[in-house]
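1. Okay, here's the prediction I keep looking at, along with the sequence it came from:
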Amino acid sequence: MTKTINKGNVGFVTCSHPTNKRLQIVTLSKTTVNNFTEKISNFDVQSVEYKPFLRFFVANSLNQATKNSLGNYLLKTIKDRSNGAVLLECESTDDASLNGIDFIDFNILLSTAVSHLIGVPNLDSMSGKFYARFSVKNDDTSDSYLRQAHRRMELHNDGTYVKELTDWVIMHKMLEVNVEGGDSLLLHVDDWQDLDKFYQHPLAKENLQWGSPASKNIGYKTYHSIFLDEEVDGEPRMSFIDQFVEPLTMDQGIYLYEMGESLESESNTFNIKLLEGSMLIINNYIWLHGRDKFIAHKNLHRELLRQRGVFVENTGYDDNKNV
Ligand SMILES: [Fe+2]
């Protein structure tokens, strides 16, 4: 793997992922982590939850530790359709680098910094906060596949059933015990070999109904098409998930069934193993994501942090007509 030292980037290195060149790996140097934690060691997670402006202070602290280059790099890469995804890791998170901050708290603060460098997170209705933490265990009785370990979570986009836009998603692995399998799955819309078949279909731009199970705490339905208005001609963006779209006609049902079958058999989907402390940041409308199933283990335990949000120009969007 060749690491790129870009003159403009200070305090981190980047390289393309060996399996998929679109995905950019960003490694924060030990010095960057140390300078970042030094500046924020006075804040606890609760204060950042209670005071929204502190989240921007935390983000600015990380950006300053990279001479203000990280924010520009992340935003440019996530918005660039040919990439649109970053795997962010730290060179070191040893005790000395964390300046007394607990590892889990550090991860929450780090992903807070990242989300506020690329925009603003949406309120997560499952947690009632700007981020959600959730566990995957071997036994689970939840009402969606999110926390169920024994099965594959199919490829999808996030935010299909909420009124806000969901420009990006951050998936951050904080802890993992007795885990085998459960890799993240990724597919860029342009790498989907059947894209044209579904994009040229008469139902591609028809509004469909979307709802969600009780655990999501969303009491309304939304209406939007699978393919969203293109930002640039001929460059489709998608908003699809098999569990929450509610077809109302036979044609819609069959179209969606065939779409799900096609996506699940797509050979260009690739697996990513996230190490503890690393996070995926993806452009939600041009990357589909999912999760492979786990190898059963009775003490399996994984803690994840998730944030979903918008680019700053899309804050305050609450229009059910287009998306
Ligand atoms: Fe998701």
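-> Structure's in. What do you need?

2. When you work out contacts or count neighbours from here on, use the C-alpha atoms and nothing else.
-> Fine.

3. which residues sit in contact with the closest residue to residue 162 other than its chain neighbours?
-> In space, and not counting its chain neighbours, residue 162 is closest to residue 222: 6.6 Å by Cα to Cα, 6 or more residues apart in numbering. In this structure, residue 222 makes contact with 161-163, 209-211, 320, judged by Cα atoms under 8 Å, 6 or more residues apart in numbering.

4. helix or strand for residue 107, which one?
-> According to DSSP states H and E, residue 107 maps onto helix 103-118.

5. who does whatever helix or strand comes next after that helix touch, helix- and strand-wise?
-> As assigned by DSSP H and E, the chain's next helix or strand after helix 103-118 is strand 120-121. Other helices and strands packing on strand 120-121, by 3 or more Cα pairs under 8 Å, 6 or more residues apart in numbering; DSSP states H and E, are strand 301-310.

6. Packing partners of the strand it packs on?
-> When contacts are defined as 3+ Cα pairs under 8 Å, 6+ apart, strand 301-310 sits against helix 103-118, strand 120-121, strand 132-137, strand 168-177.

7. how about 6 Å then?
-> Judged by 3 or more Cα pairs under 6 Å, 6 or more residues apart in numbering; DSSP states H and E, the packing partners of strand 301-310 are strand 120-121, strand 132-137, strand 168-177.

8. just to revisit the earlier point, report the beta-bridge partners for the residue nearest to residue 162.
-> Note on residue 222: beta-bridge partners by DSSP bridges are residue 210.

9. can you put the contacts of residue 222 in a markdown table and add neighbour count, pLDDT and distance to residue 81?
-> Formatted as a markdown table, the contacts of residue 222 follow (neighbours: other Cα atoms under 10 Å; pLDDT from 0 to 100; distance: Cα to Cα, whole Å):
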| residue | neighbour count | pLDDT | distance to residue 81 |
| --- | --- | --- | --- |
| 161 | 23 | 92 | 24 |
| 162 | 22 | 91 | 23 |
| 163 | 20 | 90 | 23 |
| 209 | 17 | 96 | 27 |
| 210 | 21 | 96 | 26 |
| 211 | 19 | 91 | 28 |
| 320 | 14 | 48 | 25 |
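
10. Run the chain-centre distance for the helix or strand of the chain with the lowest mean pLDDT.
-> When the helices and strands of the chain are compared on mean pLDDT, DSSP states H and E, strand 132-137 comes out lowest with a mean of 84. Relative to the centre of its chain, strand 132-137 is centred 15 Å away, using Cα atoms, centre = their mean, to the nearest Å.
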